[in-house]
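1. Here is my input; please provide its structure:
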Amino acid sequence: MKLGLQLGYWGAQPPTGTAELVAAAEESGFDALFTAEAWGSDAFTPLAWWGRETERLRLGTSIVQMSGRTPTSIAMHALTLDHLSGGRFVLGMGVSGPQVVEGWYGAPFAKPLARTREVVDVVRQVLAREAPVTNDGPHYPLPYTGEGSVGLGKPLKPIVHPLRSDVPIWLGAEGPKNVAQTAEIADGWIPLFYSPSVAPMYAEWLDEGFARDGARRTREDFEIAATVHLEITDEPQRVMAGLKPSIALYMGGMGAKGQNFHKDVFTRMGYAELADRVQDLYLAGRKEEAVAAIPDELIDALHIVGDEAKVRDKVAEWEDAGVTTVLLSLTEADQVRRIADLLA
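-> Coordinates of the predicted model:
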């Protein structure tokens with residue numbers, strides 16, 4: 001199992017000390033560097049900025065929100081970053097959720113699976129550069145001939161010849177149909193909340209996708225990159241307490257009452273009653289109570305926190321559960337080095 005550094009997305013201000021983190025990851029044998037986006041900082045720019053100082057790390061997005069750009073625009077970013085990095089780019093994408101897609105990007109959220117399939121197909125056409133790019137699908141028609149068209153759209157090939165004709169595409173997916181489609185059409189999967197305890201459930205969905213006609217990958221060459229907070233500490237209770245606000249936000253506040261895909265994940269994990277309670281508290285403005293309701297056992301299932309012996313044992317569990325890369329959210333260069341030494 002490989003180690004990746006997950007820089008995530010920014011809070012109210014740009015993070016500090018990131019250059020030192022990236023340098024430590026490069027020097028310590030980490031495999032990859034990943035960035036994310038929500039509705040603030042974007043994923044591509046920080047990856048290019050900090051990735052320029054690296055020579056070996058794979059550079060990936062986890063995830064780029066598909067509704068924020070057209071498929072050909074996403075492909076242009078991928079083509080450019082793959083050239084600049086010498087063939088080290090990984091394109092991680094996802095559909096996000098209806099509140100973000102419709103409230104931030106002003107685009108319809110309907111048909112997320114069909115939209116994903118079209119985006120992946122268009123991106124692959126651009127990177128293959130075998131013919132002018134066209135798409136007959138209803139979500140991203142190319143050339144566009146719908147309402148407001150002047151009728152002059154022309155199928156085009158990218159001016160720049162891609163460095164690689166088949167840049168790896170990993171998809172963020174949570175529900176059973178989305179995960180199965182990911183196994184069918186993508187090169188890897190980026191689960192948001194993964195736990196070895198629910199790996200058999202996910203394996204069933206993935207196997208459905210691998211079994212479909214035309215599936216790109218098999219379980220043997222498909223990547224699963226799970227984001228996890230890993231911390232070596234003699235004070236696990238303190239660390240776990242600091243991780244609870246994020247879980248409460250996604251479980252209770254990152255979505256509407258009747259449609260929160262993140263909450264659904266926790267329900268499938270066996271925390272339906274807890275998820276309902278946390279959502280009710282969060283949406284009622286009682287955020288501190290929502291955070292307090294998150295049990296230590298859930299944090300322990302989702303993250304790797306403890307002394308060196310426990311960390312080693314839990315990392316082995318995640319590897320046995322099929323994870324090929326753990327994307328670690330770390331804040332100090334010394335943490336990066338210590339973890340690399342421990343797991344070497």
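
2. I'd say G60 and S85 touch.
-> No. With contact defined as CB atoms under 8 Å, G60 does not reach S85; the gap is 10.2 Å. In this view, the C-beta of every residue, glycine as well, is placed from N, C-alpha and C.

3. These two - which one has more neighbours?
-> Per other CB atoms under 10 Å, whichever of G60 and S85 has more neighbours is G60, with 30 against 20.

4. pretty sure that one is in a strand, no?
-> Yes. The assignment for G60 is a strand, going by DSSP: H, G, I helix; E, B strand; the rest coil.

5. Not counting residues beside it along the chain, what's closest to T54?
-> In space, and not counting its chain neighbours, T54 is closest to E26: 5.0 Å by CB to CB, 6 or more residues apart in numbering.

6. Which of the helices or strands spans that neighbour?
-> helix 18-28 (DSSP states H and E).

7. what's the answer for F34, then?
-> Short version, using DSSP H and E: F34 is in strand 32-35.

8. Which SSE is immediately downstream of that strand?
-> That would be, after strand 32-35 and using DSSP H and E, helix 44-51.

9. So for that following helix, what gets flagged as buried?
-> Within helix 44-51, the residues that count as buried by 16 or more other CB atoms under 10 Å are F44, P46, L47, A48, W50, G51.

10. what does that helix rub up against?
-> Helix 44-51 is contacted from outside by 7, 10, 18-19, 22, 33-35, 57, 59-61, 64, 77, 81, 84-85, 88, using CB atoms under 8 Å, 6 or more residues apart in numbering.

11. Type out the PyMOL command that picks the buried ones from these.
-> Buried residues among the contacts of helix 44-51 (16+ other CB under 10 Å), as a PyMOL selection:
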select buried, resi 7+10+18+22+33+34+35+57+59+60+61+64+77+81+85+88
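
12. just the helices in the stretch 151-300 of the chain please.
-> In the stretch 151-300 of the chain, the helices defined using DSSP state H, counting those that start in this stretch lie at 176-185, 199-210, 236-248, 261-268, 272-283, 287-293, 296-302.

13. which one of these lies closest to G137?
-> Comparison of the helices of the stretch 151-300 of the chain against G137 by CB to CB identifies helix 176-185 as nearest, at 13.5 Å.

14. what packs against the closest one?
-> When contacts are defined as 3 or more CB pairs under 8 Å, 6 or more residues apart in numbering; DSSP states H and E, helix 176-185 packs onto helix 112-128, strand 169-172, strand 188-190, helix 199-210.

15. How about the helix holding E26, which residues are buried there?
-> For helix 18-28, the neighbour count (16+ other CB under 10 Å) marks T18, L21, V22, A24, A25, E26, S28 as buried.

16. Once you drop chain neighbours, what's closest to the last one?
-> So the one you mean is S28. Using CB to CB, 6+ apart, the closest residue to S28 is A340 (3.6 Å).

17. and for the helix holding E26, what are the contacting residues?
-> Residues contacting helix 18-28 (CB under 8 Å, 6+ apart): 3, 5, 7, 33, 46, 50-51, 53-57, 330-334, 336-337, 340-341.

18. mind redoing it with 7 Å?
-> 5, 7, 33, 50, 53-54, 56-57, 330, 333, 336-337, 340 (CB atoms under 7 Å, 6 or more residues apart in numbering).

19. got the angle between it and helix 44-51?
-> Counting by axes from the mean of the first three to the mean of the last three CA atoms, to 10 degrees, helix 18-28 lies at 60 degrees to helix 44-51.

20. For helix 18-28, what is the distance to the chain centroid?
-> Its chain's average C-alpha position is 21 Å from that of helix 18-28, according to CA atoms, centre = their mean, to the nearest Å.

21. Alpha carbons only: can I get that helix in CSV?
-> Taking C-alpha atoms only, helix 18-28 is exported to CSV below (Å, rounded to 0.1, in the frame of the first residue of the first chain):
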residue,chain,number,x,y,z
THR,A,18,2.6,23.4,2.9
ALA,A,19,5.9,23.7,1.0
GLU,A,20,7.7,22.0,3.8
LEU,A,21,5.1,19.2,3.9
VAL,A,22,5.4,18.6,0.2
ALA,A,23,9.2,18.5,0.4
ALA,A,24,9.1,16.0,3.3
ALA,A,25,6.7,13.8,1.3
GLU,A,26,9.0,13.9,-1.7
GLU,A,27,12.1,13.1,0.4
SER,A,28,10.4,10.4,2.5
